[in-house]
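**Student:** my questions are about this predicted structure, shown below with the sequence.
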Amino acid sequence: MAKITFVTFDGVRIEADAENGSTVMESAIRNAVPGIDAECGGACACATCHVYVDDAWQEVTGEPEAMEEDMLDFAYDVRPSSRLSCQIRVSDELDGLVVHVPERQA
Ligand code: FES
């Protein structure tokens, strides 16, 4: 179990509990975080679950894999901290994770 904080583009902080083995995207959808669309349902095929991982957490969440990297090309305003939240798997290590929601999805 991990507590994840989503910070919306407007600066609203939404705290969510996430089960180990689920994804950060699933936690966002369950908690109705605005700005996370997740149109493909987590198949790494839409890039509408794009988030920015907070600086302090980038080492823990790691780098995107090749398929995610390719799909990120379709996201809006991609930065070095960009990840697709459906590709971040929740574990105890991620307890306290902070991610920022972009201004809009692609
Ligand atoms: S939900 Fe479609 S790429 Fe993440």
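**Tutor:** Yes, it's here.
**Student:** could you check how many residues crowd around residue 51?
**Tutor:** Applying other Cβ atoms under 10 Å, we find 27 residues neighbouring residue 51. Quick note: C-beta positions are derived from backbone N, CA and C, even for glycine.
**Student:** please renumber so the chain begins at 29
**Tutor:** Understood, numbering begins at 29; the last thing we discussed is residue 79.
**Student:** identify the residues contacting it.
**Tutor:** Shown in contact with residue 79 (Cβ atoms under 8 Å, 6 or more residues apart in numbering): 34, 52, 56, 64, 110, 111, 112, 113, 127, 128, 129, 130.
**Student:** do that again at 6 Å, thanks
**Tutor:** Residue 79 makes contact with 111, 113, 127 under the criterion Cβ atoms under 6 Å, 6 or more residues apart in numbering.
**Student:** can you tell me how far the residue nearest to the spatial centre of the chain is from the ligand?
**Tutor:** Centrality entry for the chain: nearest residue to the mean C-alpha point is residue 113, 2.8 Å, by Cα atoms, centre = their mean. For residue 113, the distance to the ligand (Cβ to the nearest ligand atom, to the nearest Å) stands at 6 Å.
**Student:** correct me, but that residue touches residue 52?
**Tutor:** Yes - counting by Cβ atoms under 6 Å, residue 113 touches residue 52, with 4.1 Å between them.
**Student:** what residues are shared contacts of the two?
**Tutor:** Joint contacts of residue 113 and residue 52 (Cβ under 6 Å, 6+ apart) do not exist.
**Student:** beta-bridge partners for the closest residue in space to residue 84 that isn't next to it in sequence, please?
**Tutor:** Closest residue in space to residue 84, ignoring its immediate chain neighbours: residue 126 at 7.2 Å, by Cβ to Cβ, 6 or more residues apart in numbering. On the basis of DSSP bridges, residue 126 is bridged to residue 33.
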